[in-house]
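[1] Here is the input, now give the coordinates:
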Amino acid sequence: MNIFVVMKRTFDTEEKIHIENGEIVEDGAEFIINPYDEYAIEEAIQLREEHGGEVTLVTVGNEDAEKQLRTGLAIGADKAVLISDEDVEAGDAYSTQAILAAFFQDKDIDIILGGNVAVDGGSGQVGPRLAEQLGINHVTSVVNIEIADGVATVEKDVEGDKEILEVPLPVLLTAQQGLNEPRYPSLPGIMKAKKKPLEELELDDLDLEEDEAEGKTKTVERYLPPAKQAGKILAGELDEQVKELVSLLKIEAKVI
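    Residues are numbered from 1 along each chain as shown. I've put the predicted structure just below:
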């Protein structure tokens with residue numbers, strides 16, 4: 001079974017973001033595998049252990065993403081591919097799917113897994129866009145996967161309820177929290193990861209022109225949310241507190 005995992009390098013979720021001149025300051029920041037992609041990697045390894053085959057990690061980014069790919073290899077993936085997007089102007093979700101579609105167009109695919117969303121952008125667009133571009137089925141927010149006789153039976157999270165779907169392979173599935181419990185890299189895994197193949201590709205290697213992957217959106221401004229103000233404790237009798245609360249909601253909060 002040929003299993004691919006589309007993963008992304010993102011800021012550590014514990015990091016405090018700094019913005020200067022409308023740009024996020026990356027110097028000194030810690031980066032990790034997008035947490036939702038960790039579920040995808042774990043599920044890919046479990047499917048390989050059950051059905052055999054090979055797990056390939058694929059990411060679009062700069063050379064710094066090699067560290068996260070090596071971590072994925074240490075967890076248990078077989079090989080990795082890093083596709084450079086440094087020549088792409090104003091890259092966005094469209095750019096990523098265009099590059100990935102060019103990579104996958106001649107690949108023998110059984111399953112493509114990815115995170116439901118990336119914690120930095122949160123759009124959840126790349127997976128469905130890629131599946132549509134490749135002309136294969138896709139299911140998002142998956143919390144359980146079973147493969148048998150060329151069909152994936154998946155459980156999809158639908159805002160507190162669940163939906164069971166049967167989808168023929170090849171298929172693209174995006175992982176939601178609860179799909180599994182991701183494993184940590186072991187020391188032997190870390191040592192083996194150093195020798196596992198990691199291929200680096202440019203747009204030219206995919207016969208893709210820079211303008212074909214140019215972003216379709218424009219970032220107008222970046223800014224941090226305003227600091228939270230201290231709360232207020234209302235004093236006095238209950239009816240007095242109610243009157244003051246209504247006044248505050250009307251005059252200060254302007255929500256009524």
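[2] what sits against residue 201?
    Applying C-beta atoms under 8 Å, 6 or more residues apart in numbering to residue 201 gives the contacts 81, 82, 83, 84, 103. The way it works is simple: take the backbone N, C-alpha and C, and place the C-beta from them, glycine included.
[3] what number of residues lie near the first one?
    Neighbours of residue 81 under the rule other C-beta atoms under 10 Å: 17.
[4] Work out for me the element it sits within.
    Taking DSSP states H and E as the criterion, residue 81 maps to strand 79-84.
[5] elements contacting that strand?
    strand 54-61, helix 66-75, helix 93-104, strand 198-201 (3 or more C-beta pairs under 8 Å, 6 or more residues apart in numbering; DSSP states H and E).
[6] about what we covered before: make CSV out of the contacts of residue 201 and add distance to residue 6 and pLDDT.
    Formatted as CSV, those follow (distance: C-beta to C-beta, whole Å; pLDDT from 0 to 100):
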residue, distance to residue 6, pLDDT
81, 10, 97
82, 12, 97
83, 11, 96
84, 16, 93
103, 10, 97
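[7] Any of those residues buried? List them.
    Buried residues within the contacts of residue 201, defined by neighbour count using 16 or more other C-beta atoms under 10 Å: 81, 82, 83, 84, 103.
[8] what's the spacing between the first one and residue 44?
    Yep, that's residue 81 we're talking about. To residue 44, residue 81 is 14 Å away according to C-beta to C-beta, to the nearest Å.
[9] what does the second one give?
    Remark: distance between residue 82 and residue 44 (C-beta to C-beta) = 17 Å.
[10] Can you show me the strands along the chain?
    Ranges of strands within the chain are 2-6, 9-11, 19-20, 23-24, 31-33, 54-61, 79-84, 111-115, 137-148, 151-158, 161-168, 171-175, 198-201, based on DSSP state E.
[11] average pLDDT across the second one?
    Right, the one you point to is strand 9-11. Across strand 9-11, pLDDT averages out at 91.
[12] Can you tell me the strand partners of that strand and which way each runs?
    Partners of strand 9-11 in the sheet, by DSSP bridges, are strand 31-33 (antiparallel).
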